[in-house]
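Chemist: Dropping a prediction and its sequence here:
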Amino acid sequence: MSGTPAPVVALQGICKRYGETVALQEVSLAVHPGEVVALLGPSGAGKSSLFRCISRLVEVDAGQVRVLDHDMGLLDRRALREQRRAIGLIFQQFNLIGRLGALNNVLAGRLGHAPTWRVVLRRFSRADRQLALAALDRVGLLDRAYQRADSLSGGQQQRVAIARVLAQQSRLILADEPVASLDPASAENVLNVLREIARERGIAVLCSLHQTGLARRFADRIVALRAGRVVFNAEAAKCDPRFLGTLYQAADAA
């Protein structure tokens, strides 16, 4: 359709094996600017493998991964490093340095943009610091900029992680079960922030979740995996809760 923006990430026929284990089988999907896609599926369905293939932490066995219209498989080491600047990663366990303040953790998002000597000495430019402070402000934590990360609540730490990918100026966010360790109120807060920044900045968000109710509420689209295959890919509003129940029940029975 004319006027539809090109996808930020597009996968075509992705296959990945680890020895005799088939992790992904003919996976195709796309995520567009400003879109939040929830990736659902039981443990072992292939969600983490998919993230590793997108960022080319592992090589695909077949198929094509395109990020910002670049074939990830064709990039040399330098081009791959530059391309990864556009991919922000958010994890379940936050991956913050506890003894450092929130601001310094957010400044880690500038590592791919700053000269090595500035990184080693933690002497970031004024522009980088302003960018990091603005990112903290956007997630509602400007008043905690100089507070140690390990003294923040789980929800606050995850918002610092979101601020970090904003400071990185990511075009694509891969969030691997970002609310799995949070209480319900904090989980909703974090997902709401992710959805808002996706809309505001045209960031594509691919977020793996186990909480099907949250996926239906916060995602634009749901992609469900089972045994490495896509078994559902449609608007979240069209996803039958009964199907999502069987998605996990089938895995438990296997």
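Modeler: In hand now; what should we look at?
Chemist: now stretch 171-186: mean pLDDT?
Modeler: Averaging pLDDT along stretch 171-186 gives 94.
Chemist: Pull out the buried positions in that stretch.
Modeler: 171, 172, 173, 174, 175, 176, 177, 178, 179, 182, 186 (16 or more other CB atoms under 10 Å). Yep, even glycine has a C-beta here, placed from its N, CA and C like the rest.
Chemist: again, but for stretch 94-101
Modeler: For stretch 94-101, by 16+ other CB under 10 Å, it's 94, 96, 100, 101.
Chemist: Same question for stretch 59-69.
Modeler: 60, 63, 65, 66, 67, 68.
Chemist: again with stretch 24-35
Modeler: Buried residues in stretch 24-35 (16+ other CB under 10 Å): 24, 25, 27, 29, 30, 31, 32, 33, 34, 35.
Chemist: what do you get for stretch 184-203?
Modeler: 186, 187, 188, 189, 190, 191, 193, 194, 195, 197, 198, 203.
Chemist: contacting residues around it?
Modeler: 8, 33-36, 138-140, 153-155, 158-159, 162, 166, 170-173, 175, 178-179, 182, 204-205, 207, 211, 214, 217-218 (CB atoms under 8 Å, 6 or more residues apart in numbering).
Chemist: Looking at the residues you listed, which are in helices?
Modeler: When those are checked against helices (DSSP state H), the matches are 138, 154, 155, 158, 159, 162, 166, 214, 217, 218.
Chemist: Which one (most neighbours) among those residues?
Modeler: Greatest neighbour count in the ones in helices among the contacts of stretch 184-203, by other CB atoms under 10 Å, goes to residue 158: 30 neighbours.
Chemist: ok, now how distant is that one from residue 82?
Modeler: As judged by CB to CB, to the nearest Å, residue 158 and residue 82 stand 27 Å apart.
Chemist: Residue 9 now?
Modeler: 16 Å.
Chemist: go on, residue 243?
Modeler: On the measure of CB to CB, residue 243 and residue 82 end up 40 Å apart.
Chemist: Show me where the stretch 51-200 of the chain dips below the pLDDT cut-off.
Modeler: 113-122 (pLDDT under 70).
Chemist: doesn't residue 11 fall inside a strand?
Modeler: Yes - counting by DSSP: H, G, I helix; E, B strand; the rest coil, residue 11 is located in a strand.
Chemist: Which strand residues bridge it?
Modeler: residue 29, residue 65 (DSSP bridges).
Chemist: before we move on, the earlier item: columns distance to residue 148 on top of the ones in helices among the contacts of stretch 184-203, output as a markdown table?
Modeler: Converted to a markdown table, those look like this (distance: CB to CB, whole Å):
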| residue | distance to residue 148 |
| --- | --- |
| 138 | 21 |
| 154 | 14 |
| 155 | 16 |
| 158 | 16 |
| 159 | 15 |
| 162 | 18 |
| 166 | 21 |
| 214 | 29 |
| 217 | 33 |
| 218 | 29 |
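Chemist: Among these, list the two that are farthest apart in space.
Modeler: 166 and 217 (22.6 Å; CB to CB).
Chemist: middle-most residue in this protein, spatially?
Modeler: residue 174 (1.6 Å; CA atoms, centre = their mean).
Chemist: Which residues are in contact with that residue?
Modeler: Residue 174 neighbours (CB under 8 Å, 6+ apart): 51, 54, 55, 87, 88, 89, 90, 206.
Chemist: tell me which of these is nearest to residue 144?
Modeler: residue 90 (18.0 Å).
Chemist: Who does that closest one form a beta bridge with?
Modeler: residue 175.
Chemist: and residue 242, how many neighbours?
Modeler: 8.
Chemist: SS state for it?
Modeler: helix.
Chemist: still on that earlier bit, in strands, which of the contacts of residue 174 fall?
Modeler: 87, 88, 89, 90, 206 (DSSP state E).
Chemist: give me every residue that touches residue 13.
Modeler: Contacts of residue 13 (CB under 8 Å, 6+ apart): 26, 27, 28, 62, 63, 64.
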